[in-house]
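**Student:** no sequence for this one, just the structure:
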């Protein structure tokens with residue numbers, strides 16, 4: 001998902017440089033959304049991993 005966020009960010013930069021401001025804004029919005037979804041997923045899996053790791057190790 002982070003890969004797609006980077007791709008959309010690059011598309012937004014190129015579109016902005018070429019003058020396609022509407023498309024650049026939309027691509028930047030999608031990139032931002034995908035980035036935050038990836039961060040939330042990372043934090044969620046990190047917390048779940050820590051919780052399950054404690055249960056498995058008996059701590």
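**Tutor:** Ah, there it is. From a predicted model like this one, the values you see are computed outputs, not experimental measurements.
**Student:** for whichever strand or helix holds residue 33, what is the average pLDDT?
**Tutor:** Per DSSP states H and E: residue 33 is located in helix 21-57. Averaged across helix 21-57, the pLDDT comes to 94.
**Student:** Give me the helices and strands touching that helix, please.
**Tutor:** Helix 21-57 is packed against helix 2-18, with contacts defined by 3 or more CB pairs under 8 Å, 6 or more residues apart in numbering; DSSP states H and E. C-betas here are computed from N, CA, C, even on glycine.
**Student:** which residue packs closest to the spatially most central residue of the chain, ignoring adjacent ones?
**Tutor:** Geometric centre of the chain, nearest residue: residue 35, 1.9 Å, by CA atoms, centre = their mean. With sequence-adjacent residues excluded and distances taken as CB to CB, 6 or more residues apart in numbering, residue 35 is closest to residue 5, at 4.3 Å.
**Student:** again with residue 31
**Tutor:** Leaving out its chain neighbours, the residue that sits closest to residue 31 by CB to CB, 6+ apart is residue 8, at 3.7 Å.
**Student:** which ones are touching that neighbour?
**Tutor:** For residue 8, the contact set (CB atoms under 8 Å, 6 or more residues apart in numbering) comprises 27-28, 30-31, 34.
**Student:** Which of those sits closest to residue 58?
**Tutor:** Checking those against residue 58 by CB to CB gives residue 34 as the nearest, at 38.0 Å.
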